[in-house]
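Engineer: Have a look at this prediction, sequence included:
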Amino acid sequence: MNKLRIGIIGVGGIAQGRHIPAFLQLNDSCEITALSDINIDRARETAEKYNIPHVFEDYHELFSEVDAVCICTPNKFHAEITIAAFEAGVHVLCEKPMALRAEECEAMVTASKKADKVLAIAYHYRFMKEAQAAKKAMQEVGTPLVVRVQALRRRKVPGWGVFTNKDLQGGGSLIDYGCHLLDLALWLMGNPNHLTVTGTAYNALSKIPNQVNQWGSFNHETFNVDDHVTAYIQFENGASMLFETSWAANIKDDAEHLSISGVDGGLSVFPFELYTTKNGMLLNSEAAWLPGEEEPGLSQAKNFIHTCLGKEELVVKPEEALQVSQIIDRIYASEENHL
């Protein structure tokens, strides 16, 4: 196979903002040959814009024209389309989160193994330069003890698309935004087994009328997803995680923070810093330069294509993405849920 034939299922914002541009840059190893969307007019416009030859309303018809698909639909359809793709003998890159619930994720993993096809989940934060540097530096940290995660936005509930539609998305700030930092933290830790998960989810702020919101308007009367979540997670190896995510926090500035304090040292990912002790001193180290792509979506696309072609291993393994969904399920199911 000279080039991997790629199909895009769902041609909305994430497809045109990240995945299609990334695949188009990799035209030496792949080509986008088909698009599918239930909005067939939007699919045709997108195909014309990017000179893509085949357009389908029914995604099943797309499979005969591709070797791999990138699934960019609402979360509700991730499992259904992924399993259908595997039954058609096609590799899958699926947008995050993996699916609505962990049971669906498990079915996706099973189908991937049965078909012997690649299943990648688009947790693109792992491909950021800071994240890649942190992964390499975990040897300086040693055994992780305490992990602190904050994925916080100030009054930025997405007022467009289906982000606040619980039936289609499965939740709000946690399943849409916090999942990225949760996945990244678990990966840096080595994905240890989790034992206990206690969480609290709120949406009191977004239920108030006439909200000041930076990202468009939404209906406070029908708002039924989380806009702020906290959790405490304990792991089999003795480590613990303090986790917080929000679309609508009343804070001074947006905050993306991930720090790990370990037996030998510590680090912070954004910005990347390393904290160690040497020669009787406390040392803080900053990187003068970090290797890697400026656009993590491009690195993600490369890794997927090269894995499908047998040249690399996946950076985001489906079993690891499954763990993220398992923890999200347990946070949402916590008895302390305030929704």
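Structural biologist: Alright, I've got the coordinates. Just so we're clear, the structure is a prediction, and the values are computed from it rather than from any experiment.
Engineer: Helices of this structure, start to end?
Structural biologist: Using DSSP state H, the helices assigned to the chain run over residues 13-14, 20-25, 40-50, 78-87, 102-115, 129-141, 166-169, 173, 179-189, 296-308, 318-333.
Engineer: Residue 154: which of these is closest?
Structural biologist: Nearest to residue 154 among the helices of the chain is helix 173; the distance by CB to CB comes to 12.3 Å. (C-beta placed from N, C-alpha, C; glycine too.)
Engineer: average pLDDT for the closest one?
Structural biologist: Model confidence over helix 173, given as mean pLDDT, is 98.
Engineer: With stretch 199-217 instead?
Structural biologist: For stretch 199-217, mean pLDDT is 96.
Engineer: which parts of it are buried?
Structural biologist: Using 16 or more other CB atoms under 10 Å as the test for burial, stretch 199-217 gives 199, 200, 201, 202, 203, 205, 206, 211, 213.
Engineer: cool, and stretch 270-284?
Structural biologist: 270, 272, 273, 274, 275, 276.
Engineer: Who's the closest spatial neighbour of the third one, skipping the chain neighbours?
Structural biologist: Computed as CB to CB, 6 or more residues apart in numbering, the closest residue to residue 273 that is not its neighbour in sequence is residue 286, at 5.6 Å.
Engineer: what's the answer for the fourth one, then?
Structural biologist: Nearest non-adjacent residue to residue 274, counting by CB to CB, 6+ apart: residue 285, 4.2 Å away.
Engineer: and what of the second one?
Structural biologist: Here the nearest residue to residue 272 in space, its sequence neighbours aside, is residue 130; by CB to CB, 6+ apart that works out to 4.4 Å.
Engineer: before we move on, back to that, Provide a list of residues in contact with the residue nearest to residue 274.
Structural biologist: Neighbour list for residue 285: 273, 274, 275, 276 [criterion: CB atoms under 8 Å, 6 or more residues apart in numbering].
Engineer: who's in contact with the second one?
Structural biologist: Translated: residue 274. Contacts of residue 274 (CB under 8 Å, 6+ apart): 137, 140, 265, 266, 267, 284, 285.
Engineer: any idea how far it lies from residue 192?
Structural biologist: Per CB to CB, to the nearest Å, residue 274 is found 21 Å from residue 192.
Engineer: do the last one as well
Structural biologist: Using CB to CB, we find residue 276 at a distance of 22 Å from residue 192.
Engineer: for residue 6, which residues make a bridge with it?
Structural biologist: On the basis of DSSP bridges, residue 6 is bridged to residue 32, residue 68.
Engineer: I'd guessed it sits against residue 33; true?
Structural biologist: Yes. Using CB atoms under 8 Å, residue 6 is in contact with residue 33, at 6.7 Å.
Engineer: shared neighbours, the two?
Structural biologist: Common neighbours of residue 6 and residue 33 (CB under 8 Å, 6+ apart) are residue 66.
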